[in-house]
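My questions concern the predicted model and sequence given below.
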Amino acid sequence: MTDSEEEDARQELLRLMQEHRDLDSAINALEAMPIRDRLQIQRLKKRKLALKDSMSYLQDLLTPDIIA
């Protein structure tokens with residue numbers, strides 16, 4: 001992986017992490033409402049899981065393999 005590709009991956013990881021935090025806040029706000037939109041909450045949670053998968057993939061790319 002070139003330095004440019006690594007920097008792009010790091011920037012994308014930071015963007016995904018911010019979106020993940022934003023979704024967490026949105027989910028908490030929706031769950032705190034007296035009348036909850038369960039479908040919307042479910043969609044946000046699904047998106048949050050997809051973001052977590054993408055973040056894990058990028059973290060794996062950026063973490064060097066250590067051969068023991």
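Right, received. Where do you want to start?

Any idea which residue is closest to the centre of the chain?
Centrality entry for the chain: nearest residue to the mean C-alpha point is L51, 3.3 Å, by Cα atoms, centre = their mean.

contacting residues around that one?
Going by Cβ atoms under 8 Å, 6 or more residues apart in numbering, L51 touches 16, 19-20, 23. C-betas here are computed from N, CA, C, even on glycine.

Restricted to helices, list these.
Of the contacts of L51, the ones assigned to helices by DSSP state H are 16, 19-20, 23.

All the helices of this protein, residue numbers only.
3-32, 38-62.

Could I get the ones you listed in JSON lines, plus columns for mean pLDDT?
Converted to JSON lines, these look like this (pLDDT from 0 to 100):
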{"stretch": "helix 3-32", "mean pLDDT": "96"}
{"stretch": "helix 38-62", "mean pLDDT": "97"}
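
Let me see the residues that make contact with stretch 12-21.
Outside stretch 12-21, the residues touching it (Cβ under 8 Å, 6+ apart) are 48, 51-52, 54-55, 58-59, 62.

Write the PyMOL selection for whichever of those are buried.
Buried members of those, defined by 16 or more other Cβ atoms under 10 Å, are picked up in PyMOL with:
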select buried, resi 48+51+55+58
